[in-house]
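Student: A structural model of the following input is requested.
(one chain, ligands or ions: 2)
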Amino acid sequence: MRSGTVAVIGKANAGKSTLVNVMVGEKIAIVSPKPQTTRDRILGVLTREDHQIVFADTPGIYRHRNELTDRMMRATEETSKDVDVILYVHDGHAGVSEEDLSLIKKYAALGIPMLIAYTKTDIMPKEKIPLDAKKFYEAGIGTDIIPVSARKGRNIALLEREIVKLLPEQDKLFPDDVVSDKSERFMIAELMREKILLRYEKEIPHGVAIVVNTFEEQENGTYRIDLDIVCEKRNHKAILIGKQGKTLKETAAFARQDMEKFLGAKVFLTVYVKVREDWRDRATVLKELGYV
Ligand SMILES: Nc1nc2c(ncn2[C@@H]2O[C@H](COP(=O)(O)OP(=O)(O)O)[C@@H](O)[C@H]2O)c(=O)[nH]1
Ligand SMILES: [Mg+2]
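Tutor: Ligands and ions are numbered 1, 2, ... in the order given. Prediction:
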């Protein structure tokens, strides 16, 4: 039995969470076209007969900006040290910059077995792949590069095999039926946040935290969920709610549909919007909201 942990590292928006979801075969992390979608480290577990891969999806690499991104960077740095394999996810469609090369070199220098998943190949010309591989090679990066598309499921099985080769011979780390280390309550909050990321622009989604106040399974198998959308400014609250509450109603309805899919049951969802100014810069409030 081969098993171990794989830190999934890379720049914001590279496609890390999408790749982990596809490999695990279940949605364990939310995805959006905006950076800072993943705020916490999330473990996703892929169990097969002869191997188990525990992916640690990380928030990604950011230039420091506030207390929240600071914590997100720290989560990424810490995760990358204590693992069996580093899976560096590179957005092939975005090209290869000097910054990419120096980041990859930094992780390669940790001395942990590493692979590069060169992703989003479905939206770029194929001819670019060997040219980019040459750029990596000429920069002194000897790491194997696997071109994949998480969206189209291309080369995902190959990537799995290559990861397994690098894992130690040892027992499973998690029981067979575990797919994530996060609770249902956590996923519910995340599904709400995902819909906000998809619906609103600019600083509004990045300034939002979700607090689940009630998460109850009723006797008839349905769920009652009450949650707060915490935002940073009064005018953000107005935008979140929209005219006569129309925008919020629609966003909550989308979230509810996904929650029902996730829980496999009917959900009665109540949503409130609250203002807590500048919560992202206040350590005490971050702690309260669960970003420790
Ligand atoms: N076309 C294409 N888009 C992708 C692929 N993987 C991710 N994306 C998109 O890239 C964006 C960022 O993805 P996400 O997984 O949240 O990136 P993360 O920040 O690295 O976790 C989302 O809009 C995804 O739908 C892929 O293989 N092909
Ligand atoms: Mg992510």
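Student: what are the ranges of the strands in the chain?
Tutor: 2-9, 42-47, 51-57, 85-91, 114-119, 144-147, 209-217, 223-231, 267-275 (DSSP state E).
Student: those strands: which one's closest to ligand 2?
Tutor: strand 51-57 (6.0 Å; Cβ to the ion). Any C-beta I mention is one placed from the backbone N, CA and C, and that applies to glycine too.
Student: ok, back up a step: any chance of the strands of the chain in a markdown table, with distance to Ala252 and mean neighbour count too?
Tutor: As requested, the strands of the chain are arranged in a markdown table below (distance: least, Cβ to Cβ, whole Å; neighbours: other Cβ atoms under 10 Å):
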| stretch | distance to Ala252 | mean neighbour count |
| --- | --- | --- |
| strand 2-9 | 30 | 23 |
| strand 42-47 | 23 | 22 |
| strand 51-57 | 26 | 24 |
| strand 85-91 | 31 | 25 |
| strand 114-119 | 32 | 24 |
| strand 144-147 | 39 | 18 |
| strand 209-217 | 12 | 15 |
| strand 223-231 | 9 | 20 |
| strand 267-275 | 5 | 15 |
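Student: which one of the ones you listed lies closest to Tyr291?
Tutor: strand 209-217 (7.7 Å; Cβ to Cβ).
Student: could you give the angle of the closest one to strand 267-275?
Tutor: 150 degrees (axes from the mean of the first three to the mean of the last three Cα atoms, to 10 degrees).
Student: partners of strand 209-217, with directions?
Tutor: Strand 209-217 sits in its sheet next to strand 223-231 (antiparallel), going by DSSP bridges.
Student: can you give me how far the partner strand is from the chain middle?
Tutor: Mean-position distance between strand 223-231 and its chain equals 21 Å (Cα atoms, centre = their mean, to the nearest Å).
Student: give me the residues contacting that strand.
Tutor: 188-189, 192, 196, 204, 207-218, 237, 240, 259, 263, 265-276, 279, 289 (Cβ atoms under 8 Å, 6 or more residues apart in numbering).
Student: report the contact partners of the residue nearest to Gly15 when sequence neighbours are not counted.
Tutor: In space, and not counting its chain neighbours, Gly15 is closest to Thr119: 4.5 Å by Cβ to Cβ, 6 or more residues apart in numbering. Thr119 sits next to 14-15, 18-19, 89-92, 147-150 when contact means Cβ under 8 Å, 6+ apart.
Student: can you add distance to ligand 1 and give the residues you listed back as CSV?
Tutor: Below are these laid out as CSV (distance: Cβ to the nearest ligand atom, whole Å):
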residue, distance to ligand 1
Ala14, 4
Gly15, 3
Thr18, 3
Leu19, 6
Val89, 6
His90, 10
Asp91, 7
Gly92, 9
Pro147, 10
Val148, 7
Ser149, 4
Ala150, 4
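Student: including distance to ligand 2, could those residues go into TSV?
Tutor: Below are these laid out as TSV (distance: Cβ to the ion, whole Å):
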residue	distance to ligand 2
Ala14	8
Gly15	8
Thr18	8
Leu19	9
Val89	9
His90	14
Asp91	12
Gly92	17
Pro147	20
Val148	16
Ser149	17
Ala150	11
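Student: what would those look like in CSV with pLDDT?
Tutor: Below are the contacts of Thr119 laid out as CSV (pLDDT from 0 to 100):
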residue, pLDDT
Ala14, 97
Gly15, 97
Thr18, 97
Leu19, 98
Val89, 97
His90, 98
Asp91, 98
Gly92, 97
Pro147, 98
Val148, 98
Ser149, 98
Ala150, 98
